[in-house]
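Novice: Here is a sequence together with a model predicted from it:
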Amino acid sequence: MKNALQAFMKRPTTWVGIITAIMFQVIFSVIWMTGYNGVTDRIDQLHIAVVNEDQQMGQQIASGLVQNLPFSMNQINAIDEAKQKLDERELQMIVWIPADFSQKTAAADGKASIQYLINESNPALIKSIMSGAAAQITAEVNKQAVTGGIQTVLGNMQLPAEQAGAAAQGLSERVTSEIQSTNVIQGMNNQMVPMMLVLASYVGAMIMGMNFEQSAMAISAGVSRWQRFAARSVLNVAAAVIVSLIGSSLLAAFGGQMAQGFLHIWLFQLLFVLTFIFVSQMFIYLFGMSGMLFNIMLLSAQLVTSGAIVPRELLSDFYVKLGDVLPATYAVEGTMNILFGGPAATADALTLSLIAIVAIAVSALAVAVKRQGVRQQQPAAVIAGQNR
């Protein structure tokens, strides 16, 4: 036992394994604790639009909501424009005051309804926050209705004074909320798919890259650097095709949502898996096996900044900007659009392609520089041999 323990501790790989486990703890703790710090204090960064079609009470209500609610509020005139922004995730919710709101409110036995539109093709936290906001908004409307002199408004509508007073007094009981969800997600299992795909794909790419590097070192004596680079690139593409096909097929087999169809999600997963592979191997080309440390950092950062768990709107500016240059952000956005509904993932695919091209170029440059370094060392080695 003692001899075996000593033998283990003499091996560099043993220490690398221990240090790697420690670095996982350090990196994840630092990034996640700083990345999610203050998330609940940034609710005011969520965007809500008010669409008012009522020219009587609605104008006062819309103005009051924009001024008083603790969100980033603005008014949009056309409901179709607001729906498009909601679909593109530029808005987190729409507050829609219909044209007949005042008419229904003024009726002796009428009920007025404010409609709320929420895009579920988002992190689950969005729906939770916006549902709570809808209740808050309805309460705010009732408060405005009673304290804002709605009795006068109703009186100006030529209602008898007694009837106007009774209507104003009972207004808080007649304003209700109606929540409509777009791009509905069917169950928590589907909700977690974007994060699962990103996590599984990047971790798989990291481990594959590490093993490819070990294989490249083993054959380095008989195969040139560029041949090894070309062979790894071909294997990367082949592996991405197989990995993405298996991942998408399993998703379909377990009944996962695919609003835009199997082919779309497979091709898009192929693209972001390939991008993850080239990005993760870029650090190995640059720093050798030590590049795995950067991959661990990148994995943690992408889980925080991609929007798969917490909406990006709630992150600090530093982590939002960091997410803008990391591939997982676009993988999550495109996957949500394809699986749950939304705009085409064309823009996300183009950005992923650009990131992959940059990673390939940096990797090729690293290969070229290392080769040049070897050539520069050869004359020195010859001179040293002659001096002996």
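Specialist: Received it, and whenever you're ready, just let me know what you need. Numbering: from 1, shown residues only.

Novice: Residue 98 contacts residue 113, doesn't it?
Specialist: Yes. Residue 98 is in contact with residue 113 according to C-beta atoms under 8 Å; the separation is 7.4 Å. (Glycine included, C-beta is placed from N, CA and C.)

Novice: At the geometric centre of the protein, which residue sits there?
Specialist: The structure's the chain has its C-alpha centroid closest to residue 307; by C-alpha atoms, centre = their mean the separation is 2.3 Å.

Novice: That one belongs to a strand, doesn't it?
Specialist: No. Assignment of residue 307 by DSSP: H, G, I helix; E, B strand; the rest coil gives coil, placing it outside any strand.

Novice: And for the residue lying closest to it once chain neighbours are set aside, the neighbour number?
Specialist: When the adjacent residues along the chain are set aside, residue 307 lies closest to residue 332, with 5.4 Å between them (C-beta to C-beta, 6 or more residues apart in numbering). Counted with other C-beta atoms under 10 Å, the burial measure for residue 332 works out to 26 neighbours.

Novice: And for residue 221, the neighbour number?
Specialist: Tallying neighbours of residue 221 according to other C-beta under 10 Å, which is how burial is gauged here, yields 6.

Novice: Equivalent analysis for residue 334, please.
Specialist: Counted with other C-beta under 10 Å, the burial measure for residue 334 works out to 27 neighbours.

Novice: Next: residue 295.
Specialist: 23.

Novice: quick check, it in a helix?
Specialist: Yes. In this structure, residue 295 lies within a helix as judged by three-state DSSP.

Novice: measure it to residue 111 for me?
Specialist: For residue 295, the distance to residue 111 (C-beta to C-beta, to the nearest Å) stands at 57 Å.

Novice: can you map out the strands along the protein?
Specialist: If you assign secondary structure with DSSP state E, the strands in the chain sit at 47-52, 72-75, 93-97, 112-119, 175-182.

Novice: Could you list every helix and strand that the fourth one packs against?
Specialist: Packing partners of strand 112-119 (3 or more C-beta pairs under 8 Å, 6 or more residues apart in numbering; DSSP states H and E): helix 79-87, strand 93-97, helix 101-106, helix 124-147, strand 175-182.

Novice: Which one of those lies nearest to residue 366?
Specialist: When the helices and strands packed on strand 112-119 are compared for distance to residue 366 using C-beta to C-beta, the nearest one is helix 124-147, at 39.4 Å.

Novice: what's the offset of the closest one from the middle of its chain?
Specialist: 25 Å (C-alpha atoms, centre = their mean, to the nearest Å).

Novice: got it, and stretch 333-350?
Specialist: 11 Å.

Novice: Compare the mean pLDDT across the helices and strands packed on strand 112-119 and name the weakest.
Specialist: Looking at these, the lowest mean pLDDT belongs to helix 101-106 (a mean of 75).

Novice: where does this structure have low pLDDT?
Specialist: 105-110, 143-174, 371-388 (pLDDT under 70).
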